[in-house]
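Undergrad: Structure of the sequence below:
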Amino acid sequence: MLLKILSLLTCLLCLQEVSATYGYRTKCHKPNSPLNGNVTMTRSHFGYQKLIYSCNTGYKLVGRQTRTCYNGAWAGYQPICQPINDSYKRVHYSCSPGFVLIGKSNVENETLEGIKPDECYTNHLTCKPVKCMSLTAPTNGSVQFNFGTNLKSRATFSCNANLTLIGSSVRECQPDGNWSGKQPVCREANDCPKLQPPHYGKIYVTGYFHGDYAMTKCYYGYRLIGKARLDCLHTGKWTGVIGRCVKQRSYWRPFYY
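TA: Below you'll find the predicted structure:
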């Protein structure tokens, strides 16, 4: 009987030593999950706490997958989750404004083999300053460039004598390599006919050529019905007809004493 009691005491002392060794009685707090990953806290067959780490899809674990609690502290270091190379399936790159890309704008996964996370890929990437295509002068006209066909360069168009420019007189080379506006043309300018002022009104005319306009105003007590402004077109026609002036209605209100 005494031998059994001694054996039981020896076993209890052994369990106490094991518990102290593995920190069973001193608990550890669950740490935060790693970025782009998860951590699960469990208990082993001996009763001590254990952490199991895992990463999200597209990431790999760098460090130990498990950690054990010893005397209230977790053994080892917190692992991290890093992107794996397979997650870089396709890369699209472009140039800064004012530059055009020479070569492929998309890089497939087979080209990216061996590239580390956060590593910059610049192979076969060439960016050259934007240049617009040269513009031709309109028939019976001319064009002048202040900086050639480079970015921000301006092309100024003009026509020969007795001709009118129809379209954009100034075009600018834009960051996308295209010119602003549309290609102008030179045409013969036809005079617009003289205008007769409406009854009880006046007309103020800047001229009778393309680009000129006429403004109609009525006398005091009259209001205008129709367009107040007419523009002279290159076809020699006004953009409408002269409006008319009609007397405004007045409302008599009786006075009360």
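
Undergrad: which residue ranges form the helices in the protein?
TA: 2-22 (DSSP state H).

Undergrad: so what are the domain limits for it?
TA: Annotated domains of the chain cover 23-83, 86-129, 141-188, 201-247 [automatic domain parsing].

Undergrad: Export these to JSON lines and append columns for mean neighbour count, distance to K194 and mean pLDDT.
TA: For the C-beta atoms, the positions are set from N, CA and C on the backbone; glycine is no exception. Converted to JSON lines, the domains of the chain look like this (neighbours: other C-beta atoms under 10 Å; distance: least, C-beta to C-beta, whole Å; pLDDT from 0 to 100):
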{"stretch": "domain 23-83", "mean neighbour count": "15", "distance to K194": "78", "mean pLDDT": "85"}
{"stretch": "domain 86-129", "mean neighbour count": "12", "distance to K194": "51", "mean pLDDT": "62"}
{"stretch": "domain 141-188", "mean neighbour count": "15", "distance to K194": "19", "mean pLDDT": "91"}
{"stretch": "domain 201-247", "mean neighbour count": "15", "distance to K194": "7", "mean pLDDT": "92"}
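
Undergrad: among those, which is nearest L135?
TA: For those, proximity to L135 was assessed by C-beta to C-beta; domain 141-188 is nearest, at 5.1 Å.

Undergrad: Start and end of the closest one, how far apart?
TA: 12 Å (C-alpha to C-alpha, to the nearest Å).

Undergrad: From the chain's centroid, how far away is it?
TA: 29 Å (C-alpha atoms, centre = their mean, to the nearest Å).

Undergrad: With adjacent residues omitted, what lies nearest to the most centrally placed residue in the chain?
TA: The C-alpha lying nearest the average C-alpha coordinate of the chain belongs to P97 (C-alpha atoms, centre = their mean; 12.3 Å). Counting by C-beta to C-beta, 6 or more residues apart in numbering, P97 lies nearest to P175, which is 4.7 Å off, once chain neighbours are set aside.

Undergrad: among the domains of the chain, which is nearest L195?
TA: In terms of C-beta to C-beta, the element of the domains of the chain nearest to L195 is domain 201-247, at 5.4 Å.

Undergrad: For that closest one, measure first residue to last.
TA: 11 Å.

Undergrad: same question, stretch 149-164
TA: Terminal residues of stretch 149-164 are spaced 25 Å apart (C-alpha to C-alpha).

Undergrad: contacting residues for Q248?
TA: Applying C-beta atoms under 8 Å, 6 or more residues apart in numbering, we find Q248 in contact with 221-223.

Undergrad: ok, now G167?
TA: 157, 181-185.

Undergrad: if we go to 10 Å?
TA: Each residue near G167 by C-beta atoms under 10 Å, 6 or more residues apart in numbering is listed here: 138, 157, 181-186.

Undergrad: cool, and C245?
TA: Contacts of C245 (C-beta under 10 Å, 6+ apart): 197-202, 216-219, 221-226.

Undergrad: how near is K247 to C218?
TA: 9 Å (C-beta to C-beta, to the nearest Å).

Undergrad: residues bridging contact with those two, i.e. touching both?
TA: By C-beta under 10 Å, 6+ apart, the residues touching both K247 and C218 are Y200.

Undergrad: May I see the contacts of G167 organised as a markdown table, with distance to Y53 added?
TA: Shown next, in a markdown table, are the contacts of G167 (distance: C-beta to C-beta, whole Å):
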| residue | distance to Y53 |
| --- | --- |
| P138 | 72 |
| F157 | 70 |
| G181 | 62 |
| K182 | 63 |
| Q183 | 66 |
| P184 | 69 |
| V185 | 72 |
| C186 | 76 |
